[in-house]
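Engineer: give me a 3D structure for the following:
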Amino acid sequence: MRRLKTNTVKLKKKSTYYVIYYNYTEISKFLFKFTETFSTSNKKSVTLLEFINNLEKEEIHEFLKTFWDDEGCVKVCKDITAKTKSENVAQNISKLHKKVGIKTNVYRDSKNNAYEIYLIRNKDNISEFKDKVGFQYGVISRGNFKGLSKSQGLDIITV
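Structural biologist: All right, here's what the predicted structure looks like:
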């Protein structure tokens, strides 16, 4: 039996951003209609919700924008990647890219026990990615590009 807290909101200041913790019974009940758990510790049970596969192309673009802003990484070696612990999620994300004409590959990262989605690095594919998905709000949090927006990092590596 899940324990649901009621009417709890916490705002914590992190280094350069805020994290909002909220736990409302109504929201929790609504979200649990879609999945038994939101935990990624059981990698096999985590997947994308079925309705996402049936979205219109413009809605898929918006979903992928959010995904890349959160999970995407722009590397100095010119790789554009995203990582997830779930093979199901990685494969489904890759299929969504294919639906909107963007080529990706999925590789298992055995060192980190995760799966990495790589954007295929050719001029046309990167152009499609920039036009249809790109980065809106994401900030690079590690490496040589730390502190730049992900869109700035993308511009630097695709010049």
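Engineer: who are the contact partners of the closest residue to residue 84 other than its chain neighbours?
Structural biologist: Once flanking residues are discounted, residue 84 sits nearest to residue 90: 5.2 Å by C-beta to C-beta, 6 or more residues apart in numbering. Where C-beta positions appear, they are placed from N, C-alpha and C, glycine not excepted. Contact partners of residue 90, counting by C-beta atoms under 8 Å, 6 or more residues apart in numbering, are 84, 106, 115-117.
Engineer: now find how far off-centre the helix or strand where residue 90 lies is within its chain.
Structural biologist: Using DSSP states H and E, residue 90 maps to helix 87-99. Taking C-alpha atoms, centre = their mean, to the nearest Å, one finds the center of helix 87-99 at 11 Å from the center of the full chain.
Engineer: so how far is residue 52 from residue 92?
Structural biologist: According to C-beta to C-beta, to the nearest Å, residue 92 stands 8 Å off from residue 52.
Engineer: likewise residue 80?
Structural biologist: Separation of residue 80 from residue 52 (C-beta to C-beta) stands at 21 Å.
Engineer: hang on, the earlier thing: between residue 92 and residue 52, who's got more neighbours?
Structural biologist: The neighbour count for residue 92 versus residue 52, taken as other C-beta atoms under 10 Å, is higher for residue 92 (18 against 14).
Engineer: am I right that the more buried one is in contact with residue 53?
Structural biologist: Yes. With contact defined as C-beta atoms under 8 Å, residue 92 counts as touching residue 53 (7.3 Å).
Engineer: buried sites along stretch 118-125?
Structural biologist: Within stretch 118-125, the residues that count as buried by 16 or more other C-beta atoms under 10 Å are 119, 125.
Engineer: okay, now that stretch: how far is its last residue from its first?
Structural biologist: 12 Å (C-alpha to C-alpha, to the nearest Å).
Engineer: swap in stretch 136-149?
Structural biologist: 8 Å.
Engineer: run the chain-centre distance for stretch 121-137.
Structural biologist: Computed by C-alpha atoms, centre = their mean, the chain-centroid distance of stretch 121-137 equals 15 Å.
Engineer: in it, what's buried?
Structural biologist: Within stretch 121-137, judged by 16+ other C-beta under 10 Å, the buried ones are 125-126, 128-129, 132-135.
Engineer: mean confidence for that stretch?
Structural biologist: In this model, stretch 121-137 carries a mean pLDDT of 92.
Engineer: residue 98 - nearest residue in space that isn't next to it in sequence?
Structural biologist: Nearest to residue 98 is residue 104, by C-beta to C-beta, 6+ apart, at 7.5 Å.
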